[in-house]
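In: just the structure for this:
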Amino acid sequence: MNLETLIKDMREYHRTDETLSYAFRIEQLNQLKTAIIKYQNDILDALNKDLNKSQFEGFLTEVGVVLLEIKDTIKHLKKWMKVKRVKTPVTLFKAKSFLYPEPYGVVLIMSPWNYPFQLAIAPLIGAIASGNVAVLKVSPDAVHTSLVTKKMIESIFQPSYVTVLTGGLEESQAIIKQRFDYIFFTGSTHVGRIVMEAASKHLTPVTLELGGKSPCIIDETADLDKAAKRIAFGKFINAGQTCIAPDYIYVSNKVKDQFIVEMKKWINEFFQGRAVDHDDYPKIINLKHYQRLISLMHKDKIIHGGLYNNQKIEPTLLDNVTRDDAIMKEEIFGPLLPILSFDHLQEVINDLKQQEKPLALYMFSKSKENQRKIITSLSFGGATINDTLMHVASGYLPFGGVGESGMGSYHGKSSFDTFSHDKSILFRSHLIDLDFRYHPYTKRKKKIVNLFIK
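Out: The predicted structure follows:
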């Protein structure tokens, strides 16, 4: 079946309104949950083949996250679907106003390779919950996970409801030329621009989950031991191939030396020696990214790590880094952690205001004033204070970027809202019909209008 025929069939199926009922949506979510549990071992094996993720890390960051998302969605869906009454201005008396959430229709979800299962299925949950039908374009770089995902989806859903498409660049280019009612894309800023340009030809709304260089700021009041431990976790999970990983450190000169000591301690504690020899340490997804990361390692600036072998790069710290270095010109997306320093917090604020708005920001500080200053002075997608990554773990916090790091958000109710359009409905009464809005427009009617406006 070609793309045009597939999307035509999906659109015709959606027009039957079968996907609209609460009962139908809940049934599909429960089927998806059951299938994930059934295919869990296959998914974890595929993640290991693609990224060398351990069973534990694969479950923690991919399967478990998705199961929690489904559980939360099932629990709250009835409330989310309810028609919401809103206020009506007195000028429209007598009337009532409501918001009716409706699905967009045929949606396209494009997922990346770094969390190939989570970032495919999490937005799909929102699309299903909102009553849409979906085309899921999975990454060719995570080939094993993509094939398991396709097999799993095909075992529970008919193609006119949810279809998984594989393939590389040529297939992706063909897909985005089609007309969809909504596009949800996760990936690089470069490809995000291409997707948005293609969407504009059909005036299709988009959510873009991109990335950028997410800074991590450590002031002189921080608990350095906990900061180092939590940064090491956030930076080196999935070998740094995380869109919200701390991209680089900005640390106060007053505590910089001690912070580096603590970082080295926790890296050694986590990996018990050479990470490249660790069975549970993830690999870089492919040779292209592996070689790119190696080229960013300025040997004269490495103060810890620097070893690489068999498509693995160990956690590496680089000191005395400046904005002019190549590693600061692009998102790293790997286990390399540059360290910059500052004397006054305002220096950091002034510098970050000159950069593109990042997807995430992290700050370690016991100073409420410094926390407030960073939060109110800088623009970014989301932040965790005194930890890393954890804001993305809350279904009550919308996750998304701003500017170069993306547009739109999802997770929890935000996923439902993203894949829904709120129809605004006003119900007017027949009992009262004030005539001041009708012709002819007299001085008396003008006075009445002025009373309402003033």
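
In: what sits opposite Ser250 in the beta ladder?
Out: To be clear, residue 250 is Tyr; Ser isn't right here. In this structure, Tyr250 bridges to Ile217, Leu340 when assessed by DSSP bridges.

In: distance check, it against Ser139.
Out: Tyr250 sits 32 Å away from Ser139, taking CB to CB, to the nearest Å as the criterion. C-beta here means a position set from N, CA and C on the backbone, and glycine is covered the same way.

In: quick one: which of those two has more around it?
Out: Each of Tyr250 and Ser139 has its neighbours counted (other CB atoms under 10 Å); Ser139 has more, 25 against 21.

In: mind checking pLDDT for the more buried one?
Out: At Ser139, the pLDDT value in this model is 96.

In: hmm, it is touching Lys150, no?
Out: No: between Ser139 and Lys150 there is no contact, the gap being 11.6 Å when judged by CB atoms under 8 Å.

In: how is this structure carved up into domains?
Out: The chain is divided into the following domains under automatic domain parsing: 3-210+406-423, 215-400.

In: and the ones you listed: which comes nearest Ser429?
Out: Distance to Ser429, taken as CB to CB, is lowest for domain 3-210+406-423 among the domains of the chain, at 4.1 Å.

In: distance between the ends of the closest one?
Out: End-to-end distance of domain 3-210+406-423: 30 Å, with CA to CA, to the nearest Å as the criterion.

In: kindly report the same for stretch 395-410.
Out: With CA to CA, one end of stretch 395-410 sits 9 Å from the other.

In: quick one: mean pLDDT for that stretch?
Out: Computed over stretch 395-410, the average pLDDT equals 96.

In: same check, this time on stretch 142-153
Out: 98.

In: only the buried residues of that stretch, if you could.
Out: 142-146, 148-150, 152-153 (16 or more other CB atoms under 10 Å).

In: tell me the contacts of His289?
Out: 333-334 (CB atoms under 8 Å, 6 or more residues apart in numbering).

In: could you measure from it over to Gly305?
Out: 17 Å.

In: what do you get for Asp280?
Out: Relative to Gly305, and taking CB to CB, Asp280 is found at 17 Å.

In: so between the two, which is more surrounded?
Out: Each of Asp280 and Gly305 has its neighbours counted (other CB under 10 Å); Gly305 has more, 23 against 13.

In: spatially, what comes nearest to the more buried one if we skip its sequence neighbours?
Out: Thr316 (3.4 Å; CB to CB, 6 or more residues apart in numbering).

In: with Asp279 instead?
Out: Asp279 sits nearest to Ser54 (CB to CB, 6+ apart), 7.5 Å away.

In: the one you found: neighbour count?
Out: 17.

In: and the one 5 residues further on, by the same measure?
Out: Applying other CB under 10 Å, we find 17 other residues in the vicinity of Phe59.

In: ditto for the one 4 residues further on
Out: The criterion is other CB under 10 Å. On that basis, Val63 has 22 neighbouring residues.

In: relative to Gln55, how far out is it?
Out: As judged by CB to CB, Val63 and Gln55 stand 10 Å apart.

In: anything in contact with each of these two?
Out: With CB under 8 Å, 6+ apart as the test, Val63 and Gln55 both reach Leu44.
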